[in-house]
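Peer 1: quick check, what structure comes out for this input:
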Amino acid sequence: MPGGPGVLGGRRVTADIAVQLVGRVLNMVLGAVVTVVIVRGLGEHRFGQWSTIIAVSELLGYIGDLGLDRVSIRQAAGDPEHEPEWLGALVSLRFLLSIPVTLAFLAIMLVISSDAAMRVSSAVIATLSIVPALSCLGIVFQLRVRNDLSMVVLTINSVLWTASGLVLAALSGSIVAFSLAFVGSFMVSLAAQTVFVRRMAKVRIRASRPLWGELARLSAPVGIAAMLTFAYGRIDQVLVFNIAGSDSAGVYGAMYRILTTSAFVPIAVMTTLFPILSQVDRARMRTLVQKAAEYLAMASLPIFAFVLVAAGPLVRLLFGPEFVHGQNALRVLMGAFVAIGFGYVAGTMILVLRLQRMFVIYAVAALVVNVALNLIFIPHYGFMAAAWATLATELLVQILTIRLVLKQLPLRPKLGRLLRIVIAAAGMGLAVFGLHSAGAGLAWLVLAAAVTYPVLLLALHALVPSEVKALVRREAV
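Peer 2: Got it, this is the predicted structure:
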């Protein structure tokens, strides 16, 4: 594949990650805005219903994926001559899976929906279960290392969804209206993606039949593991809704939305590196994994430290005073965010090193632990129990997964830089804590964090000036 990841230089890789970071920051801002709009527009009760619908939809969406997308990237990157057939097999299998997924979603929501409006909204959202046969072709952007185009598509969706949300909130729109706007925005962005993909790649569906069996066989362990991993990150929302009620589910859903919005950094880094890691030798792989872990720590730890101090004013600003009692859940969930950041690295290496079967065992154990913790403690402690269960589960999975990857790669992590990053994040947190204790407002806390953290990184040599210059110049780091 001309221009594929295997022949890319460091400058292109760094530029691709940088473009994604900028794009994802923009989309994170838009996502935060539309989340605030929906939460304030629907209120605790209706937002609890909305969060539950989306959680079930996303959970079943992972079943419909079955790991096909990620395995197709690996196979097409390693066999560029037959890329059109691999893409055709992906489209075919995703379409076949979408049918039972859609029916299952409708059945589940019919059972758990608490009123007619929630049922109608579920039926509208169900249309999104049919479209993965086309949306999955977004992997072409990864294969070409043209994730700038994926950012264009994502931004189109974010802008339309945010604009629709603002209009509906101003008009006191119902949950059904929000559902229609959500689906409509996605369909428009999907049309844009289809135009880009048609210009960049060929898809041969008829010729792909011989690859269906191989793709399904390779994907099944990946898909099961991904589904189980995603399940323990979403089933808590459903359990809070059914055990503690819509209001608690609304508060927990709002806090969890901040967690998912913050995931743009690990996604950006690993989206670019995944097809490259699929081809490089072990020595280069170890270097890339070490760098990825360091940069993800550099991005996730200050977010965690800041939220530990400023969760209260942050929640008040975003969602209003009625959601402030969810601030402690946010603190716990952002602890899980740090584990999830490292989990993106470990999860990618599980696939690259073909360790999916062992990971399935870990994921099953994690799901059992997560559900058990939620069932035992949610009746007594509400959404706080769900937050702690999420943190405990993420720590369990990441410890097991990282241990497995380090043993198989093999890799002995260099902890010096990671320790300096921890110290820099802690120092920034203490500075923010001092200002918060003195009565400083949220804007001053953000400013203090933005100034002190880079200074501490440079002072401790956790980030050296040459790396900053390389990023600015879009050169290899």
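
Peer 1: which ones are touching Ile156?
Peer 2: By Cβ atoms under 8 Å, 6 or more residues apart in numbering, the contact set of Ile156 is 188-189, 192. Placement of C-beta: from N, CA and C, glycine included.

Peer 1: in helices only, show me those.
Peer 2: Members of the contacts of Ile156 lying in helices (criterion: DSSP state H): 188-189, 192.

Peer 1: what's the pLDDT at Gly233?
Peer 2: At Gly233, the model reports a pLDDT of 65.

Peer 1: circling back to that earlier point, columns distance to Thr127 and pLDDT on top of the ones in helices among the contacts of Ile156, output as JSON lines?
Peer 2: Formatted as JSON lines, the ones in helices among the contacts of Ile156 follow (distance: Cβ to Cβ, whole Å; pLDDT from 0 to 100):
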{"residue": "Val188", "distance to Thr127": "14", "pLDDT": "93"}
{"residue": "Ser189", "distance to Thr127": "14", "pLDDT": "91"}
{"residue": "Ala192", "distance to Thr127": "18", "pLDDT": "90"}
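
Peer 1: buried subset of these as a ChimeraX selection?
Peer 2: The buried residues among the ones in helices among the contacts of Ile156 can be selected in ChimeraX (16 or more other Cβ atoms under 10 Å) with this line:
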select :189
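
Peer 1: tell me which of the ones in helices among the contacts of Ile156 is nearest to Asp69?
Peer 2: Nearest to Asp69 among the ones in helices among the contacts of Ile156, counting by Cβ to Cβ, is Ser189 at 17.0 Å.

Peer 1: how about that closest one, nearest residue that isn't a chain neighbour?
Peer 2: Using Cβ to Cβ, 6 or more residues apart in numbering and skipping residues adjacent in sequence, the residue nearest Ser189 is Asn157, 3.6 Å away.

Peer 1: where does pLDDT dip in this protein?
Peer 2: 1-25, 145, 147, 222, 225-226, 229-230, 232-233, 264-281, 351, 465-477 (pLDDT under 70).

Peer 1: so where do the helices sit in the stretch 101-250 of the chain?
Peer 2: For the stretch 101-250 of the chain, applying DSSP state H, counting those that start in this stretch gives helices covering 116-125, 132-135, 139-143, 147-170, 175-200, 209-244, 246-261.

Peer 1: other SSEs contacting the shortest one?
Peer 2: Using 3 or more Cβ pairs under 8 Å, 6 or more residues apart in numbering; DSSP states H and E as the contact test, the elements touching helix 132-135 are helix 10-65, helix 83-112, helix 175-200.

Peer 1: for the ones you listed, could you give me a markdown table that also reports distance to Ser208?
Peer 2: As requested, the helices and strands packed on helix 132-135 are arranged in a markdown table below (distance: least, Cβ to Cβ, whole Å):
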| stretch | distance to Ser208 |
| --- | --- |
| helix 10-65 | 18 |
| helix 83-112 | 3 |
| helix 175-200 | 16 |
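
Peer 1: with Gly341 as the reference, name the closest of those.
Peer 2: Closest among the helices and strands packed on helix 132-135, once you apply Cβ to Cβ, is helix 10-65, at 13.7 Å.

Peer 1: chain center to that closest one: distance?
Peer 2: 8 Å (Cα atoms, centre = their mean, to the nearest Å).

Peer 1: now the very next helix or strand once past it: buried residues?
Peer 2: Sequence order places helix 68-78 as the next helix or strand after helix 10-65, per DSSP states H and E. For helix 68-78, a neighbour-count test (16+ other Cβ under 10 Å) marks 68-77 as buried.
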